[in-house]
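coords below, sequence missing:
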């Protein structure tokens, strides 16, 4: 350019982590990390996710579950998220947040029921107000800003946490949601699970943006990038963003960098588009191993406790699977019973015909 | 009492609900300071404040998604899509979520939202400002689709829509926004949803319509009356769920039926009505039912607009052919 310019805007995207993949401590840890019980709970929940995940895939492979999206390798993101949230906050998941959901009262058998083809899996007996998982990609971000607007109008000191994948950040809903979150100063935290893959499309083919966090800048929001496989960083980032949101300082976008160690879902075969060596290279990033090594180095976790935990969690998962297997089939008329608060007259004949077992 | 127009009746209903229900919030593009491009929300922001009467950024899917989220979160949002043609951008949120959240959570969450939108042609508008999409939305399980044809029904039906626990698409036929004035007491009385309104009783022929076409249909009924033919005029009003019972009862009496709509004929509401007439009312019919509709084309720009929208003459021709059927 031959003309002179002045810079009218610029931006910085901060990045942080506490533990590197070898569990070396890179900077002073946050206060919550001084409490070994807090860390054990984070560890426990990540491990539960992993055992559950493995079991769910087995169930699908043996025809007992429908298509199921794995969370392998991404456990720190949803566990850190769930640990930071208050009960009265609202979670808008996409579909890899079981850790947060389990921490918030969703039961394993409910998750299995849902992927096993039963809407009752979204009924959440012990969680009245979180949203169910969301299939139309990124559309949950608009629900999140609607929920956050309602909270503000009702003067509730709560916040909404909404999760989205790297692929989702290409979609219009995400930009529209960030934009209104900015201009209406909404109490919402966007958490991007950047696991590097949107089914078979790698991040490099998804966007030219250098970071996903910087998409926040276009909406007038702060964007932070963190190591998504460091559960301490995830919890700290969420803690800070939630304090911001609840104190009227508005929305934040957090990009948590991770890696999708599994296939997109059980209907996908990632070996068609990525190499075994790439997968292997990411094994050392494992979030569970990282925390385990830290806890062992600190001296409050040992092999004995590890084995006991595996035993306990496996039993919990088996119990959930048993409950899932025993769940009775839904009734035919349940197809009609939740369309409206009261089924209109116009559809009563169809409902009656289905109950009778014949076509209307 | 001063008589008011349909659009003023909309304002009156919105004001009533804003005043009596803290949970009601209205928003959309230009609805605040400007009072809406048709002035449907005139004066409401000044009266109820910027928190509850909001101008949004420009994004129709966002407007619909906000309504879904706010409704799930315990509010009663009434969102405006500036012209029904632009609701296409909102269909993802309406269809995938607003209409389904109750079903997919087995009743744990629900969506009591209203999306109001000016619909239909006849005002010499630019492109993409004249569509009537009631058929598209009637396909969606879990929704209601409502379209008033007069100021008093606009008031009563909008109150009902806002108070309804399920999502409603409230179409406001812009061609009749200011066509007729009526006295509409501001008494907060809602009209029933899910039922047709018999506007005029008659024994000779059943005329079924909704929205702006009710106006032409009533004109035709008057002209027929001068010729000694009494038409029963039914305003469907709630297009989905459809009250077929009222239509069947009328056709049982008259034996003859013409359905009048502005929208394209294929896979439209008139298709549904006539299909159900054939299924359930065939033996009542003394003549094949007829429908008078727009064409399976795009609504033309305004030079040909009047050709597309059914005229009184076209309606009268259909009526005559049904009456004269041997």
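Structure received. Every value quoted in this text rests on a predicted model; they were computed, and no experiment measured them. Numbers count the residues shown, from 1 in each chain, chains lettered A, B, ... in the order given.

which bits of the stretch 251-360 of chain A sit near chain B?
When proximity is defined as C-beta under 8 Å from any C-beta of the partner chain, the stretch 251-360 of chain A approaches chain B at A:334, A:337, A:338, A:339, A:340, A:341, A:344, A:345, A:346, A:347. Where C-beta positions appear, they are placed from N, C-alpha and C, glycine not excepted.

Repeat the analysis, applying 6 Å as the threshold.
A:338, A:339, A:340, A:341, A:344, A:346 (C-beta under 6 Å from any C-beta of the partner chain).

Let me see the contact set for the residue of chain A found nearest chain B.
Nearest to chain B, among the residues of chain A, is residue A:146, at 1.8 Å (C-beta to the nearest C-beta). Contacts for residue A:146 (C-beta atoms under 6 Å, 6 or more residues apart in numbering or on different chains) come out as B:66, B:68, B:69, B:70.

Pipe the residues of the stretch 251-360 of chain A next to chain B into CSV and attach neighbour count, pLDDT and distance to residue A:18 per row.
Conversion of these to CSV gives the following (neighbours: other C-beta atoms under 10 Å in any protein chain shown; pLDDT from 0 to 100; distance: C-beta to C-beta, whole Å):
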residue, neighbour count, pLDDT, distance to residue A:18
A:338, 21, 98, 45
A:339, 20, 98, 49
A:340, 23, 98, 50
A:341, 12, 98, 49
A:344, 18, 98, 56
A:346, 16, 97, 59
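
how far out from the middle of the chain is the lowest-mean-pLDDT helix or strand in chain B?
None of the helices or strands of chain B scores lower by mean pLDDT, DSSP states H and E than helix B:305-308, at a mean of 94. Remark: helix B:305-308 is offset 20 Å from the chain centroid, using C-alpha atoms, centre = their mean, to the nearest Å.

So what's the predicted local confidence for the residue positioned nearest the centre of chain B?
Ranked by distance to the mean C-alpha position of chain B (C-alpha atoms, centre = their mean), the top residue is residue B:147 at 1.3 Å. Among the per-residue scores, residue B:147 shows a pLDDT of 98.

So which bits of the stretch 51-200 of chain B are right by chain A?
Residues of the stretch 51-200 of chain B lying near chain A (C-beta under 6 Å from any C-beta): B:57, B:59, B:62, B:65-66, B:68-70, B:73-75, B:92, B:96, B:102-108, B:141-142, B:165-166, B:194.

Buried only: go through these for me.
Among those, those classed as buried by neighbour count (16 or more other C-beta atoms under 10 Å in any protein chain shown) are B:59, B:62, B:65-66, B:68-70, B:73, B:75, B:92, B:96, B:102-106, B:108, B:142, B:166, B:194.

Cross these against helices and list the overlap.
Using DSSP state H, the members of those that fall in helices are B:62, B:65, B:66, B:68, B:69, B:70, B:102, B:103, B:104.

For chain A, give me its nearest residue in the stretch 1-150 of chain B.
residue B:69 (1.8 Å).

I'd say that residue and residue A:143 touch.
Yes - look at residue B:69 against residue A:143 with C-beta atoms under 6 Å: they come within range, at 4.0 Å.

Could you report the neighbour count for residue 43?
In the absence of a named chain, this looks at chain A. Neighbourhood size, residue A:43 [other C-beta atoms under 10 Å in any protein chain shown]: 23.

think we crossed wires, I meant chain B
Residue B:43: 12 neighbours (other C-beta under 10 Å).

If we ignore the residues flanking it in sequence, what's nearest it?
residue B:35 (6.5 Å; C-beta to C-beta, 6 or more residues apart in numbering or on different chains).

Next: residue B:176.
Residue B:176 sits nearest to residue B:212 (C-beta to C-beta, 6+ apart), 4.7 Å away.

Correct me if wrong: that neighbour contacts residue B:121.
No - at 8.8 Å, residue B:212 does not count as touching residue B:121 under the criterion of C-beta under 6 Å.

These two - which one has more neighbours?
Neighbours were counted for residue B:212 and for residue B:121 using other C-beta under 10 Å; residue B:212 has more, 28 against 25.

one step back: and the next element down the chain from the least confident helix or strand of chain B?
helix B:312-323 (DSSP states H and E).

chain center to that next one: distance?
24 Å.

Now it: buried residues?
Buried, per 16+ other C-beta under 10 Å, within helix B:312-323: B:314, B:315, B:316, B:318, B:319, B:322, B:323.

Looking at those, which is nearest residue B:112?
residue B:315 (37.1 Å; C-beta to C-beta).

For the closest one, give me the pLDDT.
At residue B:315, pLDDT is 98.

Same question for residue A:359.
57.

And residue A:235, by the same measure?
Confidence score, pLDDT, at residue A:235: 98.

for it, phi and psi?
phi -60, psi -40 (degrees, to the nearest 10).

wait, what's in contact with it?
Contacts of residue A:235 by C-beta under 6 Å, 6+ apart are A:80, A:83, A:84.

One more pass at 7 Å, please.
A:32, A:80, A:83, A:84 (C-beta atoms under 7 Å, 6 or more residues apart in numbering or on different chains).

Count the residues that sit near the spatially closest residue to it that is not a sequence neighbour.
Nearest residue to residue A:235 in three dimensions, chain neighbours excluded: residue A:80, at 4.1 Å (C-beta to C-beta, 6+ apart). When neighbours are counted by other C-beta under 10 Å, residue A:80 registers 31.

Where does the stretch 201-326 of chain B get nearest to chain A, which residue?
residue B:241 (3.7 Å).

what's the burial count for that residue?
Neighbours of residue B:241 (other C-beta under 10 Å): 20.

wait, what's in contact with it?
Residue B:241 neighbours (C-beta under 7 Å, 6+ apart): A:344, A:346, A:347, B:144, B:194.
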